[in-house]
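J.: What follows is a predicted protein model with its sequence.
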Amino acid sequence: MDFSIFLTPVLEEQIKIYSTINNSLGSKVNFHDGGEISEEYELAILGVKESRGSQLTSVKESPDFVREQLYKLYPSTSAKIIDIGNIRQGETLQDTLFALVETLQELVKKKIIPIIIGGSQELTLAMYKSYEKLEQIVNLTTIDRKIDFQQINETNNNSYLKDIILSRPNFLFNYSNLGSQSYYLDPENNKMMEKLYFDNTRLGELQHDISIAEPVIRNSTIISFDLNSIRQSEVPGTSFASPNGFFGNEACQLSRYAGMSDKVGMIGFYEMSPEFDILGQTAQLVSQMIWFFIAGFDLRKNETPLTSNKNYTKYKVVLSSSEEELIFIKSKKSERWWMKIPYPPSKKIKFQRHHLVPCSYSDYETALRDEMPNLWLNTYNKINIH
């Protein structure tokens, strides 16, 4: 694929500035100049200059502001990274989405993980469609203050989930949201989440224990981070500044979890607005979140405990209220947990890889109390309704 069709490479004068600090990320990253992209790369930085789905047009200028801060940081990675430039805003939003789908699909084929700097959050739709074109089942996780399922005819940052969840044929197995705030939640969207056995974890739960997010993110293919989920004091330059939300260190921890996940195939950071960004504070935090994602990537362990071996310990729990035997698996290497979900014999093979679901030690403790974990029930029900 000739990427120059859609992409504008980073300008030479910018590259000179980014690479002036010795040993910085800017001096280590390779900058693409068009044409084919080598499969030797593991991560790709990609900007998307699109704002028509947001309330503020300035969000399309975010990628270069983030780069300015990102490339000053010192890398803690040996990963091979390429910056492939920015996707230009198309004549219509659909044109931009098409260009992003084609670009992401090509990167996925090459097993290169895209790190997308938006732009507005409806670009998440293109992340999903890049897998849809490959007919690959995905799990989507958004980090957001609300559920973006507004039922309107247009596609924007408040309605893009409608286009994903209602698409046919559908390749979405699970959708999770992390960091919702009750006063922003439409009750109808809550009902929809429950009906489809999707997961919604509230901000208060995560601020009490941020590690709750780790199994959810570990089970995700796509991560879409709405910067409006972070409080205004941390990120003054967003499209919807709010007094409540995640702290900066919590946002960085979530990004690190995403980097560590063997399953996450792409991540996007959306809704930064440079015109309101005091002293570049928002750009700095986004750059640090990307830094933590890259650092997490170096910690990937390629753990897929599908068969028993010496690196895993298996635990069995039988509940008095059910005939089901719950099987938990713990890694001796990382101490992470998984839960086996029985696969309905009548089902086709396409959901077979979801037999093994990342979970937490607290799910195992729930089973020990003779209670069925919600994660087990939701996953089993999802397999049966597809």
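T.: All right, it came through fine.
J.: Please make it C-alpha for all contacts and neighbour counts, starting now.
T.: Will do.
J.: Spatially central residue in the protein, please.
T.: Nearest to the geometric centre of the chain sits residue 223, at 0.8 Å (C-alpha atoms, centre = their mean).
J.: before we move on, which element is that residue in?
T.: strand 222-226 (DSSP states H and E).
J.: What residues does the closest residue to residue 364 other than its chain neighbours make contact with?
T.: If the residues on either side of it in the chain are set aside, residue 364 comes closest to residue 328, at 7.1 Å by C-alpha to C-alpha, 6 or more residues apart in numbering. Contacts for residue 328 were tallied using C-alpha atoms under 8 Å, 6 or more residues apart in numbering; they are 314, 315, 316, 337, 338, 339, 340, 364.
J.: Widest-spaced pair of those residues?
T.: With C-alpha to C-alpha as the measure, no two of the contacts of residue 328 lie farther apart than 316 and 337, at 12.9 Å.
J.: In terms of packing, which of the two has more residues around it?
T.: More crowded of residue 316 and residue 337, by other C-alpha atoms under 10 Å: residue 337, with 24 against 12.
J.: Correct me if wrong: the more buried one contacts residue 331.
T.: Yes: look at residue 337 against residue 331 with C-alpha atoms under 8 Å: they come within range, at 6.5 Å.
J.: about what we covered before: which pLDDT value belongs to the residue nearest to the centre of the chain?
T.: Per-residue pLDDT puts residue 223 at 98.
J.: Touching, it and residue 259? I think so.
T.: No: using C-alpha under 8 Å, residue 223 is not in contact with residue 259, being 10.1 Å away.
J.: now residue 287, what's its secondary structure?
T.: In three-state terms, and counting by DSSP: H, G, I helix; E, B strand; the rest coil, residue 287 is helix.
J.: give the contact list for it.
T.: 66, 67, 69, 70.
J.: May I have the strands that pair with the longest strand belonging to the chain, each with its orientation?
T.: Taking DSSP state E as the criterion, the chain has its longest strand at strand 172-180. As defined by DSSP bridges, the strand partners of strand 172-180 come to strand 138-143 (parallel), strand 199-202 (parallel).
J.: ok now the first one, how far from the chain's centre?
T.: Spelled out, that is strand 138-143. Chain-centre distance of strand 138-143: 6 Å, with C-alpha atoms, centre = their mean, to the nearest Å.
J.: where along the protein do the strands fall?
T.: Assigned by DSSP E, the strands in the chain fall at 7-8, 30-31, 43-48, 81-87, 113-117, 138-143, 172-180, 199-202, 222-226, 266-270, 312-318, 325-331, 337-340, 356-359.
J.: can you list contacts of the last one?
T.: Spelled out, that is strand 356-359. Contacts for strand 356-359 (C-alpha under 8 Å, 6+ apart): 215, 216, 218, 219, 306, 336, 337, 338, 339, 340, 341, 375.
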